[in-house]
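Q: Quick one, what's the 3D model for this:
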Amino acid sequence: MAVQKNAIGVVIEIEIQEDDAPRDIGGATKLEMIFKKPITGTLETRTGVLSSGGTDGKYRYTTVANDLDEAGLWKVQSDIIVGTFNGKSDVGAFPVEDNLETGT
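A: Predicted coordinates for the structure are as follows:
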């Protein structure tokens, strides 16, 4: 299901895996998500938080006002530092749809 443009409170969660299993990211010193807007191509970086203790490899970001301001296919990539690993994940994508507008 798509997310609506300008939606606030949408939880975007990424799972970090290593050898097809969740990687423990509990000791991460950097948990960021890089978002690429579908129309302008602008890159925005947001800081995430662990979804639980980190042993499940998951972290999340919750959208705020003005985050999802373009309709289309958004791209997202993880950027983390945990232990000696400092790198980025594969690129994922999710759709954001326009809202219906009412006339006055």
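Q: List the contacts of the helix or strand of the chain with the lowest mean pLDDT.
A: Across the helices and strands of the chain, mean confidence by mean pLDDT, DSSP states H and E is lowest for strand 17-18: a mean of 90. Strand 17-18 is contacted from outside by 23, 57, using CB atoms under 8 Å, 6 or more residues apart in numbering. In this view, the C-beta of every residue, glycine as well, is placed from N, C-alpha and C.
Q: same for the helix or strand following that strand, what does it pack against?
A: Sequence order places strand 21-22 as the next helix or strand after strand 17-18, per DSSP states H and E. Applying 3 or more CB pairs under 8 Å, 6 or more residues apart in numbering; DSSP states H and E, we find strand 21-22 packed against no helix or strand.
Q: quick one on the thing from earlier: quick one: strands adjacent to the least confident helix or strand of the chain?
A: Under the criterion DSSP bridges, strand 17-18 sits next to strand 21-22 (antiparallel) in its sheet.
Q: Okay, now the unreliable bits of this structure?
A: Applying pLDDT under 70 to the chain picks out residues 1, 103-104.
Q: biggest strand in it by residues?
A: Identified as the longest strand of the chain according to DSSP state E is strand 85-97.
Q: quick one: strands adjacent to that strand?
A: As defined by DSSP bridges, the strand partners of strand 85-97 come to strand 3-4 (parallel), strand 72-82 (antiparallel).
Q: That strand: which residues count as buried?
A: Buried residues in strand 85-97, counted by 16 or more other CB atoms under 10 Å: 89, 96.
Q: residues in contact with that strand?
A: Contacts for strand 85-97 (CB under 8 Å, 6+ apart): 2-5, 7, 12, 14, 16, 30, 34, 38, 68, 70-80.
Q: Could you do stretch 46-66 as well?
A: Contacts for stretch 46-66 (CB under 8 Å, 6+ apart): 6-17, 22-28, 31-33, 35, 67, 78, 80.
Q: The residues you listed, buried ones only, as a ChimeraX selection?
A: Entered in ChimeraX, the line below selects the buried ones among the contacts of stretch 46-66, by 16+ other CB under 10 Å:
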select :6,12,14,16,23,24,25,28,31,32,33,35,67,78,80
